[in-house]
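J.: What follows is a predicted protein model with its sequence.
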Amino acid sequence: MNTKLFRIILAALLGVSALLSVLFMVDAISEGLLITWCYILIGLATITAVVFPILTMAQNPKKAKNALIGVVALVVVCVLGYVMASGDTHLDLDGKLLADEAASKKSEAGLIAFYILAIGAIGSIIFAEVSKMFK
């Protein structure tokens, strides 16, 4: 699309944000309006982050294949983390419930997926540096 149009929209959003911030500082508006503006900006950012990559992938399907491979790999890691999670109930010392089975399984799955991705990232860094030494 038109880069000039995007710059104008960006400048307008930045200007409104700056104006609202100044008005909030001088107590001309409440924090509710500022929070609502933040929700609007988050919504716009979310829509932009979802729509434009889809449009780009539709215009260039060969590059989309590589992106989809990455997304599928991430989904596989998350599913693997969920399968490996135990989902035990956790209690504190007084016997109060800290996490039921569902919450425990989800949090453990997230941690396991994080560990797998961290090990993969560290491994790829080490591989890249070692392979440079042999070139």
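T.: That came through, no problem. Residues are numbered from 1 along each chain as shown.
J.: And the residue nearest to Phe24 when sequence neighbours are not counted, how far from Thr46?
T.: Closest residue in space to Phe24, ignoring its immediate chain neighbours: Leu34 at 5.2 Å, by Cβ to Cβ, 6 or more residues apart in numbering. Just so you know, the C-beta spots here come from the backbone N, C-alpha and C atoms, and that holds for glycine as well. From Leu34 over to Thr46 the distance is 19 Å, taken as Cβ to Cβ, to the nearest Å.
J.: more neighbours, the two?
T.: For the pair Leu34 and Thr46, the greater number of neighbours falls to Leu34 (14 against 10), based on other Cβ atoms under 10 Å.
J.: Skip ahead from the helix or strand where that one lies and say which helix or strand is next.
T.: In this structure, Leu34 is located in helix 31-59 according to DSSP states H and E. Moving toward the C-terminus from helix 31-59, the next helix or strand (DSSP H and E) is helix 61-84.
J.: Distance from that following helix to the middle of the chain?
T.: Per Cα atoms, centre = their mean, to the nearest Å, the displacement of helix 61-84 from the mean C-alpha position of its chain is 15 Å.
J.: Next, the angle helix 31-59 makes with it.
T.: Orientation of helix 61-84 against helix 31-59 (axes from the mean of the first three to the mean of the last three Cα atoms, to 10 degrees) gives an angle of 120 degrees.
J.: buried stuff in helix 61-84?
T.: 77-78, 81-82 (16 or more other Cβ atoms under 10 Å).
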